[in-house]
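Engineer: Take this sequence and fold it.
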Amino acid sequence: MNVHITPTEYAAAQEARAWPFEEARRLIERLDKLKDGKRKTVIFETGYGPSGLPHIGTFGEVARTSMVRHAFEVLTEGKRKTRLICFSDDMDGLRKVPDNVPNKDMLAQYLGKPLTSVPDHNNARLRRFLDRFGFEYEFFSATECYKSGMMDETLLKMLRVYDKVMEIILPTLGEERRKTYSPFLPICPRTGRVLQVPMIERHPRKGTVVYIDPETGKKVETPVTGGHVKCQWKADWALRWTALGVDYEMAGKDLIDSVTLSSRICKALGGTPPEGFNYELFLDEQGQKISKSKGNGLTIEEWLTYASPESLSLFMFQKPRAAKRLYFDVIPRAVDEYLTFVGKYAGEEAKARLDNPAWHVHSGHPPASELPISFALLLNLVAASNAHDKATLWGFIRRHAPDASPERYPLLDHLAGYAVAYYDDFIKPTKKFRPPTEAERTALAALERELAKASPNATAEELQNIVYETGKAHGFAENLRAWFQAIYEVLFGQSQGPRFGSFIALYGVAETRALIAKALKGELVAV
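Structural biologist: Numbers count the residues shown, from 1 in each chain. Predicted coordinates:
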């Protein structure tokens, strides 16, 4: 990362309270305690198991880690060299065929073999996925790291402290699992499969272990170096932290116990466990944990059909320690919150800017953006106008902003496309128009008449006042919320909507009057 820090930005960073800065400060404290901490290159890492397709949690971990990395570089004035390693655990044996991949029958024959031996395994897909979002990272393959000798020195340490590692892990296992557990998993020279077998002999001076081949019953002696074995999960994590000198790595809340055990093993190897925090998990529509193998919840492709990658980055930035539903209904709010933060940024002082999520989403350089039209408003405009493409929407947008064009406002053009797609797939199928009650009918008829008197140049605020005053004058003075809910349910077939004055200004007074007339005739309910 190339970071250029102004004195003002550096001063503001010292007081910034956004969570990436808090994390970066903890990392600085860690480095201050290490013997060579002030000289070493600072290593950030994210890990990925390529047994399923890259999913939205993968994006979240890399995006969040990148935010901490950038905050760290700002706090250290860009004087510390940093690296972000994306590590693929591709030497793990294929335990089961994921539900969401093609060629499931073909993949079944590779069960037990390292993922790198599986045709079309997901490393290339992961790299394309990360490159698509412009992340700055270095890709590490576990298979290449083991076979190249990068892990050899630490593997030999693992062999020397074998008993300590067993003391750490065995109490956490069930009785049956204890009988077969070893931190080393040999790669069978006959079958290429990753074996889960106990070690019957260990030879630290020779750097070898001995096990019984489960199929032939013969003793096999194999080096622990050169890719002849890999380590079990928790031992493997500790091995990686130690061998690569990892300083910072996040993990999901479900891995808290694994982090604790791997940290103990890392210390037994003579390493220092990395800093990092445990983020909460994403949940699907039913409140279940999202799984890359099950393919539940949202995919990246689905999010990007209906919203920008920046809005997804914002979703990842916000409240990382809180469990959040990651389903289609969170998208409109995420889009509008992103637009709000970007819109506020230019007018903020330095300290507020560094606490603005847009600063972290855009690595300190949010784009200029002044969009008076919210995504929620565009969605309702699509509904009212029955627009099936961006061109139709732009006709209404130009009425509100005559100088607007797709070329001048490319972000707004993208939003228009997202709005059409989102409305067609998620709002239109769930709309439930209802007829107005008698009191609502009277008030809506009055609103239609009052709008007829509005000035041709009435602003959104003036139109909103007309809506307010009409509701107050026709039985809703004590409950204006019910008045607006009635408008949304009768005119849009949903219980919530945008600021109605802004909608009228965008859609048009005449068109809004015609929409009310249709509702009063029962034509919307009949659709």
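
Engineer: pLDDT below threshold where in the stretch 401-527 of the chain?
Structural biologist: In the predicted model, the stretch 401-527 of the chain carries pLDDT under 70 at residues 526-527.

Engineer: list the contacts for residue 151?
Structural biologist: Residues in contact with residue 151, defined by CB atoms under 8 Å, 6 or more residues apart in numbering, are 145, 225, 239, 240, 243. For glycine as for every other residue, the C-beta is placed from the backbone atoms N, C-alpha and C.

Engineer: count of neighbours near the last one?
Structural biologist: Read it as residue 243. Residues within reach of residue 243, counting by other CB atoms under 10 Å, total 19.

Engineer: Please, where are all the helices along the stretch 201-350 of the chain?
Structural biologist: 233-244, 256-268, 300-306, 309-317, 331-345, 350-355 (DSSP state H, counting those that start in this stretch).

Engineer: Would you single out the least confident of these?
Structural biologist: The stretch with the lowest mean pLDDT among the helices of the stretch 201-350 of the chain is helix 300-306, at a mean of 88.

Engineer: contacting residues around that one?
Structural biologist: Residues outside helix 300-306 that contact it (CB under 8 Å, 6+ apart) are 54-56, 59, 129, 312, 328, 331, 418, 421-422, 425-426.

Engineer: Equivalent analysis for stretch 397-415, please.
Structural biologist: Where contact means CB under 8 Å, 6+ apart, the residues beyond stretch 397-415 that reach it are 308, 335, 367, 369, 371-373, 375, 378, 390, 394, 416, 505-506, 508.

Engineer: quick one: which of the residues you listed is most hemmed in?
Structural biologist: Top of those by neighbour count (other CB under 10 Å): residue 378, with 29 neighbours.

Engineer: got the contact list for that one?
Structural biologist: For residue 378, the contacting residues are 393, 415, 416, 419, by CB under 8 Å, 6+ apart.

Engineer: and after the helix or strand harbouring it, which helix or strand comes next?
Structural biologist: Assigning secondary structure by DSSP states H and E places residue 378 in helix 375-385. Beyond helix 375-385 on the C-terminal side, the first helix or strand identified by DSSP H and E is helix 390-400.

Engineer: bridging residues for residue 185?
Structural biologist: residue 230 (DSSP bridges).

Engineer: Look up how far residue 252 lies from the residue positioned nearest the centre of the chain.
Structural biologist: Compute the mean C-alpha point of the chain, and by CA atoms, centre = their mean the closest residue is residue 60, 3.0 Å away. Residue 60 sits 10 Å away from residue 252 when distances are taken as CB to CB, to the nearest Å.

Engineer: Common neighbours of those two, please.
Structural biologist: With CB under 8 Å, 6+ apart as the test, residue 60 and residue 252 both reach residue 279.

Engineer: can you give me phi and psi for the residue of the chain most remote from its centre?
Structural biologist: Largest separation from the mean C-alpha position in the chain: residue 453, at 48.7 Å (CA atoms, centre = their mean). Dihedral angles of residue 453 (phi, psi; degrees, to the nearest 10) stand at phi -90, psi -10.

Engineer: Return the residues in contact with it.
Structural biologist: Per CB under 8 Å, 6+ apart, neighbours of residue 453: none.

Engineer: That one and residue 479, how far apart?
Structural biologist: According to CB to CB, residue 453 stands 25 Å off from residue 479.

Engineer: ok, back up a step: of all the helices of the stretch 201-350 of the chain, which one comes closest to residue 91?
Structural biologist: Closest of those to residue 91 is helix 233-244, at 8.6 Å (criterion: CB to CB).

Engineer: contacting residues around the closest one?
Structural biologist: 43, 45, 47, 85, 87, 89, 92, 140, 142, 145, 150-151, 153-155, 157-158, 165, 169, 183, 230-231, 246, 249, 258, 261-266, 268-271, 273-274.

Engineer: Write the ChimeraX selection for whichever of these are buried.
Structural biologist: Remark: buried members of the contacts of helix 233-244, expressed as a ChimeraX selection using 16 or more other CB atoms under 10 Å:
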select :43,45,47,85,87,89,92,140,142,145,150,151,154,155,157,158,165,169,183,230,231,246,249,261,262,263,264,265,266,268,269,271,273,274
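
Engineer: Can I get the helix holding residue 378 in CSV, CA atoms only?
Structural biologist: Extracted in CSV, the C-alpha atoms of helix 375-385 (Å, rounded to 0.1, in the frame of the first residue of the first chain):
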residue,chain,number,x,y,z
PHE,A,375,-32.0,4.4,-3.5
ALA,A,376,-35.2,3.9,-1.6
LEU,A,377,-36.7,6.7,-3.6
LEU,A,378,-35.6,5.2,-6.8
LEU,A,379,-37.2,1.9,-5.8
ASN,A,380,-40.5,3.6,-5.3
LEU,A,381,-40.1,5.5,-8.5
VAL,A,382,-39.7,2.2,-10.3
ALA,A,383,-42.8,0.9,-8.6
ALA,A,384,-45.0,3.9,-9.4
SER,A,385,-43.7,4.4,-13.0
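
Engineer: Out of the contacts of residue 151, which two sit at the greatest distance?
Structural biologist: Going by CB to CB, the pair spanning those furthest: 225 and 240, at 15.5 Å.

Engineer: Greatest separation within the contacts of stretch 397-415: which pair is it?
Structural biologist: Maximum distance among the contacts of stretch 397-415 (CB to CB): 30.0 Å, for 367 and 508.

Engineer: the helices in the stretch 351-500 of the chain, which residues?
Structural biologist: Using DSSP H, counting those that start in this stretch, helices in the stretch 351-500 of the chain cover 357-361, 375-385, 390-400, 410-422, 438-452, 460-471, 480-491, 500-507.

Engineer: possible to save those as TSV with distance to residue 522?
Structural biologist: Shown next, in TSV, are these (distance: least, CB to CB, whole Å):
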stretch	distance to residue 522
helix 357-361	45
helix 375-385	17
helix 390-400	25
helix 410-422	27
helix 438-452	11
helix 460-471	21
helix 480-491	10
helix 500-507	21
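
Engineer: Quick check: which of these is nearest to residue 6?
Structural biologist: helix 357-361 (13.3 Å).
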